[in-house]
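K.L.:
output the structure for:
(one chain, ligands or ions: 1)
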Amino acid sequence: MLELYHSGLTTCSKQIRLVLREKGLDYESRYVELWNYANLNKEYLKINEVGVVPTLVHDGVPIRNSFVIAEYIEDVFSEPSLLPSTALARAKMRLWTWTADDIHLAATAVTYNANLQNMVDELSEEDKQIMLEATPVPDRRARWQKLADGGIDQRELDGALDKINWGLERFDEAIGDGPWVCGDEYSLADIMMLSIVHRTRELAPELVTPEVCPRVVAWQERMMARSAVEYVYKPGTDETPKRPSGKSISGIA
Ligand SMILES: N[C@@H](CCC(=O)N[C@@H](CS)C(=O)NCC(=O)O)C(=O)O
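P.N.:
Numbers count the residues shown, from 1 in each chain. Okay, here's the model as predicted:
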């Protein structure tokens, strides 16, 4: 049995929900509400020691990190294939699945600033301390500490935007004549990069325009027209429930 612990429309959750859907695989959807820090719950940390989504549990065995999970699904459920047929194309695919993870890490400053600052602002001082103590990974704890201390500074945000921009310029070249990143073969690279491009467009639309990266924009349109993508990126489905009205640490206990 496959179980996916995810948080609906978050960047890395969408990556794995899309891999599963493109392959037509059935799975139990286990929603983890980040707005009450359910990702830091002790039970959840047993299957994801980093305290992030997504986690795939296959026949009781947890697999974490979206980059790794995508390859695992491909390994175990090879049809329909999301792996290009030549070694060179597979190398190109992996460069971009890896880059998606790399850019996502850099982009967390932008995401935390835009979407998560208010998660901390709404907490009492005591709850902030509980949340910080429950965060297992030092660099993630340091990031939350910055938010608790008032926010991420402009220099760090500018650096993150520069990194995303640099990556997307390269991605535009990589798409070339398309239609997909690896030419005619739709692959994990398309799936993993889509969530990065989509999130960038939400947070910094000036980085993804027809003038700046025309091939990325045209590729995104082709991606969004796929029925699996349409479902995964749509709000209001069973897998993307309405968020709670306020932020709390109720999920940690
Ligand atoms: N791709 C990495 C990163 C995962 C990640 O950062 N997930 C975000 C959602 S896109 C998350 O769970 N954030 C919660 C937090 O930072 O506390 C992985 O799959 O492990």
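K.L.:
could you pull out the strands for this protein?
P.N.:
For the chain, applying DSSP state E gives strands covering 2-6, 28-31, 55-58, 61-64.
K.L.:
tell me which of the ones you listed lies nearest to N118.
P.N.:
strand 28-31 (20.6 Å; C-beta to C-beta). (Glycine included, C-beta is placed from N, CA and C.)
K.L.:
buried sites along the closest one?
P.N.:
Residues S29, Y31 are the ones in strand 28-31 that count as buried (16 or more other C-beta atoms under 10 Å).
K.L.:
ok, back up a step: could you dump the strands of the chain to TSV with mean pLDDT?
P.N.:
Output for those, formatted as TSV (pLDDT from 0 to 100):
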stretch	mean pLDDT
strand 2-6	98
strand 28-31	98
strand 55-58	98
strand 61-64	98
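K.L.:
quick one: closest of those to L123.
P.N.:
Using C-beta to C-beta, the nearest of those to L123 is strand 28-31, at 21.5 Å.
K.L.:
got the residues of the stretch 1-150 of the chain near the ligand?
P.N.:
Residues of the stretch 1-150 of the chain that fall close to the ligand, judged by C-beta under 6 Å from any ligand atom: 10-12, 34, 39, 50, 52-53, 64-66, 101, 104, 140.
K.L.:
as CSV, the strands of the chain with distance to K128 would be great.
P.N.:
Shown next, in CSV, are these (distance: least, C-beta to C-beta, whole Å):
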stretch, distance to K128
strand 2-6, 25
strand 28-31, 24
strand 55-58, 25
strand 61-64, 26
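K.L.:
list buried residues within the residues of the stretch 1-150 of the chain next to the ligand.
P.N.:
For those, buried by 16+ other C-beta under 10 Å: 10-12, 34, 39, 52-53, 64-66, 101, 104, 140.
K.L.:
CSV for those residues, including distance to A189?
P.N.:
Converted to CSV, those look like this (distance: C-beta to C-beta, whole Å):
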residue, distance to A189
T10, 20
T11, 15
C12, 15
L34, 26
N39, 27
V52, 22
V53, 21
R64, 20
N65, 16
S66, 13
D101, 12
H104, 14
R140, 26
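K.L.:
kindly indicate which of the residues you listed lies nearest L4.
P.N.:
Set against L4, the nearest of those by C-beta to C-beta is V53 (9.0 Å).
K.L.:
what pLDDT does the closest residue to the closest one other than its chain neighbours get?
P.N.:
Of all residues not flanking V53 in the chain, S7 sits nearest, at 4.6 Å (C-beta to C-beta, 6 or more residues apart in numbering). At S7, the model reports a pLDDT of 97.
K.L.:
going forward, begin numbering at 58 instead of 1
P.N.:
Sure thing, new numbering starts at 58, so read that last one as S64.
K.L.:
hang on, S64 packs against V109?
P.N.:
No: using C-beta atoms under 8 Å as the test, S64 is too far from V109 to be in contact (9.2 Å).
K.L.:
what sits in contact with each of the two?
P.N.:
Residues within reach of S64 and of V109 at once, by C-beta atoms under 8 Å, 6 or more residues apart in numbering, are N96.
K.L.:
contacting residues around the closest residue to E90 other than its chain neighbours?
P.N.:
Distance criterion C-beta to C-beta, 6+ apart; nearest residue to E90, sequence neighbours excluded, is G308 at 5.8 Å. Shown in contact with G308 (C-beta under 8 Å, 6+ apart): V89, E90, N93, Y94, A95, N96, L97, N98.
K.L.:
burial count for the second one?
P.N.:
For E90, the neighbour count with other C-beta atoms under 10 Å is 18.
K.L.:
list the contacts of it.
P.N.:
S64, R300, P301, G308.
K.L.:
just to revisit the earlier point, how close does the residue nearest to E90 sit to K71?
P.N.:
21 Å (C-beta to C-beta, to the nearest Å).
K.L.:
also P119?
P.N.:
20 Å.
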